[in-house]
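A.B. asks: Please find the sequence and the predicted model below.
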Amino acid sequence: MSYITSRSFVLPESAEEMASEFWFNMWQKKQWPYKELKEGDTLYWYESPSQSVVWRTVVSEVERLEYEDKELVWHFLQERFGEFDTAQSYYLSAPSKGYCLAYKVLPLEKVNYEKPENFSFPYLGWLKLSDELATTFFGGKTSAQAAILDHFAPAGDLAAKLHQLNAAMANVQPQKIRAIVSQTIRRDTELVRSLKRFYNFTCQFPGCGVRIPKLKGGWYIEVAHIQPVAKGGRSVLGNLLVLCPNHHKEFDYGKLEIEEQTNEVVRGRLNGKEFAIKSKLI
C-alpha cells in the first residue's frame, strides 16, 4: 500500500535525520490509517511550507496504542523510540485520551513533486495513493529504479561514505522488512559497492586475500552478513564482511562460532579454526 502524509513544518533534509526520527499521530477516535498502516508500505511526505512532496520512504516500524491518559503516550513512545519532547505543540494539543499511531521510516529517495493547483489535503493529512492520484500528483511517476540509499552517499573518501550509509541502514529491522534489506544489500547498491572498493575487492578472511578477475575486467567479491538477516542480523558495518565465495559459503553453512563481534573486530572459530578479522574503517 502507498500513502501520502502531510506535515505543516519543514521535513529533514538528510536521509540520516529522516531515518532517525520517529513519527506519530494522536486521534480521539480510531482514524484511518490507524489499523491499515503496516511495515513495508510506501509513504510519501508532503511539507506545506514548500507546497511539495519531498520524500519517498518505506515504513520500517509501526506501533499502535489506545490510551486513557495522554501521559501514557509519551512514556510509551520514549521507551519504544527514545527521547520525546513533551513540549511540542502537536502533543500538547492532542486529545487527552484516544488512539496513537507511531512509526519509523527508511528513506528511499529525495523527491520534489509540487502540489497541483486547487488540490487540498484532507483535514487529517493522510491520502491513499490511487492510480488517479499518482497521475495527478506525480504524473504517474511513483517508482524509483532501485535507488535505495544511493542518493545519500556523500562526496569524499570511501570511509566517510560508508559511515554515512551505515547510519541510515542502522534503522532497518530486517526481520520486519526483509524485502527492503534484499533491495539495499543483496543488490549491488552503493553500500555494497563502497565496501567492496574499500577492501580492494579482496577477501577479508585472514590468510586468504583472494579476489576473482572478471572476463570483461574488474573483480568479483561478495559481501556477507555475519549474523544472518533471517535471524535478525542488521545490514550495518559491524555485521558485514567482504568475503570470497568459498569463505562466504563456509560462514553460511559451516560450523561458525562467533566469540567477539564489534565494529573493530570479528573473532571466533570457523570449522574448528580460530580467526580474527580486524576492520580498517576504525
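C.D. replies: In hand now; what should we look at?
A.B. asks: Glu274 in helix, strand or coil?
C.D. replies: Secondary structure, DSSP: H, G, I helix; E, B strand; the rest coil: Glu274 is strand.
A.B. asks: tell me the pLDDT at it?
C.D. replies: Looking at Glu274, its pLDDT reads 95.
A.B. asks: Go ahead and list the helix or strand containing the spatially closest residue to it that is not a sequence neighbour.
C.D. replies: Leaving aside its sequence neighbours, Glu274 sits nearest to Gly268 (CB to CB, 6 or more residues apart in numbering; 7.5 Å). C-betas here are computed from N, CA, C, even on glycine. Secondary structure assignment for Gly268, by DSSP states H and E: strand 265-270.
A.B. asks: mind listing what that strand pairs with, with the direction of each?
C.D. replies: Next to strand 265-270 in the sheet, as set by DSSP bridges, lie strand 256-261 (antiparallel), strand 273-278 (antiparallel).
A.B. asks: just to revisit the earlier point, which strand residues sit across from the residue nearest to Glu274 in the sheet?
C.D. replies: Taking DSSP bridges as the rule, Gly268 bridges to Ile258, Phe275.
A.B. asks: Hmm, Gly254 and it touching each other?
C.D. replies: No: assessed by CB atoms under 8 Å, Gly268 is found out of contact with Gly254, at 11.3 Å.
A.B. asks: quick revisit: can you say which of the strands paired with strand 265-270 is nearest to Leu241?
C.D. replies: With respect to Leu241, and counting by CB to CB, the nearest of these is strand 273-278 at 6.5 Å.
A.B. asks: isn't there a helix covering Lys196?
C.D. replies: Yes: under three-state DSSP, Lys196 sits within a helix.
A.B. asks: Gly268 and Gly254 - which one has more neighbours?
C.D. replies: Neighbour totals were compared for Gly268 and Gly254, and Gly268 leads with 16 against 13 (other CB atoms under 10 Å).
A.B. asks: Tell me how far that one lies from Val242.
C.D. replies: For Gly268, the distance to Val242 equals 17 Å [CB to CB, to the nearest Å].
A.B. asks: Quick check: mean pLDDT of the strand holding Gly268?
C.D. replies: Strand 265-270 carries an average pLDDT of 94.
A.B. asks: buried stuff in it?
C.D. replies: Residues 266-268, 270 are the ones in strand 265-270 that count as buried (16 or more other CB atoms under 10 Å).
A.B. asks: What residues are recorded as beta-bridge partners of Val53?
C.D. replies: Beta-bridge pairing for Val53 (DSSP bridges): Tyr46, Tyr113.
A.B. asks: Tell me, what's the model's pLDDT at it?
C.D. replies: Listed pLDDT for Val53 reads 93.
A.B. asks: Next, the contact list for it, please.
C.D. replies: 4, 44-46, 111-113, 115, 137-138 (CB atoms under 8 Å, 6 or more residues apart in numbering).
A.B. asks: Could you dump those residues into CSV with pLDDT, neighbour count and distance to Met18 added?
C.D. replies: Rendered in CSV, the data for those read as follows (pLDDT from 0 to 100; neighbours: other CB atoms under 10 Å; distance: CB to CB, whole Å):
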residue, pLDDT, neighbour count, distance to Met18
Ile4, 94, 21, 16
Tyr44, 94, 24, 12
Trp45, 96, 22, 8
Tyr46, 95, 22, 14
Val111, 87, 17, 12
Asn112, 89, 9, 15
Tyr113, 90, 17, 16
Lys115, 89, 17, 20
Phe137, 80, 21, 20
Phe138, 79, 18, 19
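A.B. asks: what's the most distant pair in those residues?
C.D. replies: Farthest-apart pair in the contacts of Val53 is Ile4 and Asn112; separation 14.1 Å (CB to CB).
A.B. asks: which stretches of this protein have low pLDDT?
C.D. replies: 140-158, 160-162, 164-190, 229-235, 282 (pLDDT under 70).
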